[in-house]
Structure formats: structure tokens, C-alpha cells
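**Student:** missing the sequence, but the structure's below:
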């Protein structure tokens with residue numbers, strides 16, 4: 001029970017002492033034995049002792065004497081809430097506010113009760129009103145910051161959480177502030193907050209993971225890996241640490257495919273193996289030729305690259321032969337979510353249920369084929385897949401590498417992203433779609449392609465709009481060499497991180513160490529998608545990072561008439577993404593074979609302004625005519641893959657296509673099927 005003695009800080013969060021707030025401001029000596037104030041104070045004393053029933057009787061007597069006693073209504077609400085009687089508490093707080101609309105404490109308390117009842121938007125409105133009345137209240141700032149954090153409204157949460165930790169910070173608020181800072185791109189400040197949090201809880205694996213992710217976002221991969229290692233030593237049973245580590249290892253140039261595969265298998269040995277006993281053992285009759293029930297599990301069914309690649313495909317899948325169910329591990333819905341959701345027969349929000357509960361729901365839904373769209377990325381539900389809730393399971397699109405799971409039957413790829421000889425780095429059987437494993441949905445806005453900037457600037461502008469974690473030391477060194485090779489050239493980097501001066505300084509310093517004047521670096525921060533795409537009008541051509549090249553960014557650049565110089569890497573599917581995109585539009589000469597070749601091609605391409613200008617005017621149409629935008633054709637290939645994977649899993653005509661002909665090379669090879 002929160003102490004509500006009159007000389008203590010008022011628990012309502014107003015920032016005042018109780019005797020000046022809910023305690024009505026009447027001194028002990030002034031009470032009359034039969035007054036409302038007397039019974040209110042008696043209620044406070046009894047509540048302090050945990051005698052809640054007696055306290056309620058006192059508050060009720062106070063209110064019988066004075067029905068307009070706002071403080072007594074508030075205290076009665078506090079006592080009801082302590083007993084878990086939330087509806088009664090809400091009624092009391094509302095009565096207090098009817099009597100005294102500017103009662104900040106009651107407003108804050110009402111928000112608390114509504115939040116516990118799951119009435120989040122109403123709670124948010126209460127906290128916002130309370131903050132308008134007492135803007136410096138630590139408790140109200142904390143409450144409003146927490147609910148904004150829970151709603152993924154991190155930009156709005158930051159000012160509240162900052163105020164909450166100014167004087168005396170608690171671990172939870174510091175952690176949430178650090179997280180909100182990180183996801184909005186302010187990584188340097190996030191690291192400082194994590195360090196403060198770790199002084200309060202040195203053994204917090206969550207704070208270490210958060211700090212590692214902030215280092216990761218700055219391309220400081222060694223520091224990130226160190227944080228994850230410390231987190232694993234503290235809490236070796238938390239699967240999220242392994243996922244964060246795997247994501248970071250993919251950005252590191254020095255990590256081999258063998259090391260990535262071994263780490264993925266360690267994840268499976270640690271977290272999948274113990275779940276084999278709870279796997280679904282019931283036989284489910286599968287009919288590859290009949291109507292199939294396909295489930296998609298993702299946390300990214302919104303304005304996110306996964307959403308961008310899904311949208312066009314979903315619109316062209318045959319709803320007469322497929323039933324589509326989305327298991328959305330997200331609370332956020334936006335305009336893209338609205339468009340995507342109409343393509344599903346059912347949309348199930350699963351962010352509030354456990355992996356075991358989700359697995360049971362999928363079993364009850366009778367899913368024939370379950371598609372993972374996350375891999376080891378944020379919001380994944382791999383431990384649901386580890387329980388094998390569906391007879392056939394495949395991973396696609398969101399991760400572009402092996403999950404390491406034995407329960408994941410297939411990975412969808414293509415001839416470029418998993419060339420022959422690289423199947424050994426996947427626990428899944430590799431199912432190659434005939435042309436490409438992705439299908440880009442062209443942006444809705446009609447943003448014009450402008451002329452080549454170099455023709456009027458007098459210098460080349462290189463661009464990179466990728467996640468800065470991809471800019472490892474090898475990339476920075478290579479790009480620094482290219483900037484020296486091409487006199488007066490500049491590099492424009494765009495990402496939300498670069499809204500913050502501290503983040504710009506991190507990369508200026510990294511390039512300065514390689515001898516590049518920061519004046520040759522240009523930065524742009526967050527923007528809506530239309531403004532983001534328009535920013536390519538300032539770029540002559542893009543430089544792809546390695547070993548993790550762009551995919552969405554490369555397609556978007558092509559849409560804006562901007563080609564990307566990429567480096568072919570045998571490092572999981574993702575290492576071939578740049579190669580896939582550029583080859584799909586016939587620009588094989590924009591795919592380098594080595595860092596030396598990459599540097600030389602950059603120099604030659606930068607010298608050919610006439611060629612760059614001519615290419616710029618044709619790229620959008622070339623992209624639209626390529627397999628990357630052939631949504632209807634891609635959807636047909638994808639449905640064929642769904643049926644083929646089920647056919648192979650049921651060992652019915654496992655070596656034949658639906659037409660009875662042998663599988664083509666884009667399908668499973670003999671080695672894949674073994």
C-alpha cells in the first residue's frame with residue numbers, strides 16, 4: 001500500500017504533499033470528530049495500516065457528510081485500486097474530477113486505473129491532462145512517458161522520460177528512455193542512459209542488449225558484440241541476446257559464413273532442442289492440390305521494408321485457392337497495415353500472447369504452411385516455429401539467412417541469392433523461386449526523376465541511405481579511398497540517426513581517422529517516404545555497404561533513377577541482395593567482385609557523366625519491366641512454391657511439379673532435397 005500520510009508526498013503524482021492535495025489541507029488539530037475531514041483522515045490512517053475495509057467505511061462516511069469532497073473521492077478510489085476493484089476506482093476518480101476538474105492527482109490516478117483496465121487511449125488522455133496541470137511532476141511525466149513508450153510513440157515519450165530521470169532516476173525509466181532514444185536514432189545519449197541504468201542494476205542483461213544495439217547502430221560492432229557477450233554471461237537463457245548477436249555479426253566484414261551458421265546452430269541447440277517434446281505430433285491431412293491455409297507471422301506488417309515487398313504480392317495471390325491468415329506480432333497499425341490487412345482473410349494480433357499460446361492458436365487454425373517473415377530480426381517468434389505448430393514451415397523475406405532451426409523446413413530464395421554450393425550454410429531446404437525471391441511494390445507517389453546532379457554541381461555526390469550499422473570499418477576505409485580517388489566528390493548519408501549532431505559526429509570522426517575532411521560528408525535525417533525518395537534527386541549514384549548490402553534502398557534508388565554500385569558477397573542470402581537487384585535490371589557491370597574492383601569501378605563510373613545521365617532517365621521504366629516488379633507473375637511462382645513445399649513434405653510426387661514434369665533448376669536440387 002502506498003503511504004498516504006498527510007505529511008508525505010501525495011501518491012497521486014501531483015508533486016505536492018498529501019496535506020496540500022488529497023489530504024485537503026486541513027491540519028490534524030483542526031478536525032472535528034464528526035467532520036468529513038476527520039473521517040477522510042481516519043481513512044488515510046487506516047489505509048496506511050492496510051485496513052482497507054475500515055478505510056473505505058471512513059471515506060464513505062466523509063462523503064455522506066460532504067458528497068462534494070473531491071479529496072475523499074480520490075482517496076476512496078486509491079483504496080479500491082489497492083484492492084483490485086478498478087471499476088469502482090475509476091468511478092471515484094471521475095467523481096473527484098467532476099467536482100474539481102483541475103485535480104491533477106485524481107486525473108493521474110484515473111489514468112493509472114484505466115491503464116490497468118486496458119483502456120490505453122483513455123489513460124493516455126488522463127496523463128496528458130494531468131501533465132498540463134503539473135508539468136514538473138516526476139510521477140506524471142513517468143506515467144505519460146511509460147504509456148507513450150508502450151504505444152511505440154517514442155519521439156513523444158522522450159521529453160517525459162527525460163524529465164522523469166532528471167533528479168532521481170529509477171532503472172525502469174532509464175531503460176525505457178535509453179530504448180526510446182535508440183530507436184529514434186539518438187544512440188550516443190542512449191548509451192549514456194544505459195550506463196546510468198547499469199550503475200543501478202549492474203547485472204541487467206536488458207540494459208546491456210540495449211546498449212549493444214545502440215553501438216551497433218553506430219557501426220561500432222566490436223563494442224556491440226562485447227555488450228551481447230556480457231549479457232549472455234548474465235542471462236544465458238534469454239534468446240533475444242542470440243538474435244541481436246546474429247544481426248550484428250551479419251554487418252561485420254570479418255565474420256565468415258561458417259561462423260554465422262555455427263552461431264545460428266548454437267541458438268537452435270540452446271532454445272529449439274528443449275522444445276522438441278512439445279511439438280505437434282498430430283497428423284494433419286495435406287492436399288497440395290486443394291485450397292491451402294497459409295499463415296504469415298511478422299512484426300513488420302506496416303511501413304517497413306517487409307511491408308513494402310509484401311503489398312503487391314498479396315494483392316495478386318489467388319484467394320480462391322488460398323486462405324491467408326496474418327499473425328501480426330505488433331501493436332502499431334498504419335496506412336500500409338490497413339492496405340495489407342485487406343489482403344488477408346483474417347488478421348490476428350499476437351503481440352500480447354506467449355510463443356506457446358501462439359503455437360496452440362496456429363494448431364487450432366489448421367494452418368497448412370506457416371511462413372516466418374522475421375528470422376532473427378526484432379519481434380520474431382522463432383520459438384513458436386520451434387514448437388512446429390504447422391506441418392510445413394518456411395522462412396522468407398525478413399532475414400535473408402538461415403534461422404538455424406531444424407523445425408524450419410524451407411527457406412525461399414532464388415538462383416542468385418543462394419547459388420549452387422552455398423546450400424551448406426542453411427539448415428532449411430533451399431527452395432529457389434525462378435527469378436527473384438522478392439517483389440518490389442512501386443511507391444504510390446509520383447516523384448519526378450531530375451537530371452544528374454553532377455552536371456550542375458560540378459562534382460559527384462555519392463549516396464548511401466542504408467542503416468548505419470552496415471557501415472563497418474572496412475566500408476568506411478573503402479569509401480574514404482573512393483572519395484580520395486574522385487576529387488571534390490561528397491558522400492550523402494541519410495538515416496534518422498543523422499537528425500542528431502552526436503550521431504553525425506560519430507561518423508565524421510570515423511571518416512576523419514581515414515583522412516577525410518568532414519566537409520565532404522553530407523547528412524540527412526528522418527523524413528516521410530515521399531521526402532525520403534525525393535532526396536535521391538541529390539545523388540549521382542549510390543555506394544552499397546558490404547557484406548550487408550541494401551535491398552529496399554537499392555530498389556528505391558532505382559525507382560528514382562539512381563543506380564547502386566554493389567559488391568558481390570558470399571555471406572548468406574543477404575550478401576547477394578545487391579547483386580540480385582542490379583542483375584535483375586541488367587546492370588551486371590555495377591556488381592564488383594572484390595573491394596579493389598569496387599573501388600576501381602567507382603572511379604570509372606564517376607568519370608562517365610554522360611553515361612550516368614543517360615542511365616538515370618531510363619532506370620524507372622527498366623525497374624518496372626523487370627522481374628522485381630512483376631507482382632502477378634511473382635504471386636503465381638509463390639503459390640507454386642507453396643504447393644511444391646507441401647508436396648515435398650508429404651512425399652507425394654516429391655520430385656514432380658504440378659504438371660508432372662521434373663523440377664526445374666530454380667526448384668530444389670538433388671542436394672537440397674537430400
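**Tutor:** Happy to help now that I have it. All figures in this text were calculated on a predicted structure; none of them were measured in a lab. Numbers count the residues shown, from 1 in each chain.

**Student:** hmm, residue 547 is touching residue 573, no?
**Tutor:** No - here residue 547 does not reach residue 573: they are 11.6 Å apart, not a contact under Cβ atoms under 8 Å. All C-beta spots, glycine's among them, are computed from the backbone N, C-alpha and C.

**Student:** mind listing what residue 204 touches?
**Tutor:** Neighbour list for residue 204: 171, 175, 197, 198, 234 [criterion: Cβ atoms under 8 Å, 6 or more residues apart in numbering].

**Student:** from the residues you listed, pick the one nearest residue 534.
**Tutor:** Distance ranking of the contacts of residue 204 against residue 534, using Cβ to Cβ, places residue 175 first at 36.7 Å.

**Student:** Throw the contacts of residue 204 into TSV and include secondary structure and distance to residue 46, thanks.
**Tutor:** Formatted as TSV, the contacts of residue 204 follow (DSSP: H, G, I helix; E, B strand; the rest coil; distance: Cβ to Cβ, whole Å):
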residue	secondary structure	distance to residue 46
171	helix	33
175	helix	36
197	helix	38
198	helix	41
234	helix	43
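
**Student:** now these: which count as buried?
**Tutor:** 171, 175, 197, 198 (16 or more other Cβ atoms under 10 Å).

**Student:** between which two of those residues is the distance greatest?
**Tutor:** The distance between the two most remote of these (Cβ to Cβ) is 9.8 Å, for 175 and 198.

**Student:** which residues are common contacts for those two?
**Tutor:** Residues touching both residue 175 and residue 198 comprise 204, 207, with contact defined as Cβ under 8 Å, 6+ apart.

**Student:** could you chop the protein up by domain?
**Tutor:** With domains defined by the TED database, the chain comprises 36-269, 284-432, 453-629.

**Student:** so which of the ones you listed is nearest residue 642?
**Tutor:** Of those, the one closest to residue 642 (Cβ to Cβ) turns out to be domain 284-432, at 5.6 Å.

**Student:** quick one: that closest one to chain centroid distance?
**Tutor:** Distance, stretch centre to chain centre, for domain 284-432: 16 Å (Cα atoms, centre = their mean, to the nearest Å).

**Student:** and what of stretch 526-540?
**Tutor:** With Cα atoms, centre = their mean, you get 22 Å for stretch 526-540.

**Student:** buried ones in that stretch?
**Tutor:** 532, 533, 534, 535, 536, 538, 539, 540.

**Student:** try stretch 341-359
**Tutor:** 343, 344, 347, 348, 350, 353, 355, 358, 359.

**Student:** verify the contact between the fourth one and residue 329 for me.
**Tutor:** Think residue 348. No - counting by Cβ under 8 Å, residue 348 stays clear of residue 329, with 9.8 Å between them.

**Student:** quick one: common contacting residues for those two?
**Tutor:** Counting by Cβ under 8 Å, 6+ apart, nothing touches both residue 348 and residue 329.

**Student:** before we move on, the earlier item: and of the buried residues of stretch 341-359, the nearest to residue 398?
**Tutor:** Nearest member of these to residue 398, counting by Cβ to Cβ, is residue 350, at 15.6 Å.

**Student:** contact partners for that closest one?
**Tutor:** Counting by Cβ under 8 Å, 6+ apart, residue 350 touches 297, 327, 328, 329, 358, 361, 381.

**Student:** are any of those residues buried, and if so which?
**Tutor:** If we count by 16+ other Cβ under 10 Å, the contacts of residue 350 have these buried: 297, 327, 328, 329, 358, 361, 381.

**Student:** which one of those residues is nearest residue 179?
**Tutor:** residue 329 (17.4 Å).

**Student:** once you drop chain neighbours, what's closest to the closest one?
**Tutor:** Leaving aside its chain neighbours, residue 329 sits nearest to residue 299 (4.2 Å; criterion: Cβ to Cβ, 6 or more residues apart in numbering).

**Student:** what's the answer for residue 278, then?
**Tutor:** Using Cβ to Cβ, 6+ apart, the closest residue to residue 278 is residue 387 (5.6 Å).

**Student:** residue 83 now?
**Tutor:** Here the nearest residue to residue 83 in space, its sequence neighbours aside, is residue 52; by Cβ to Cβ, 6+ apart that works out to 5.6 Å.

**Student:** how many other residues sit next to that neighbour?
**Tutor:** Look at residue 52: counted by other Cβ atoms under 10 Å, it has 18 neighbours.

**Student:** tell me the pLDDT of it.
**Tutor:** Looking at residue 52, its pLDDT reads 92.

**Student:** so what's it up against?
**Tutor:** So residue 52 contacts 1, 46, 79, 82, 83 (Cβ under 8 Å, 6+ apart).

**Student:** please work out how many residues are found near the residue nearest to residue 278.
**Tutor:** Residues near residue 387, counting by other Cβ under 10 Å: 23.
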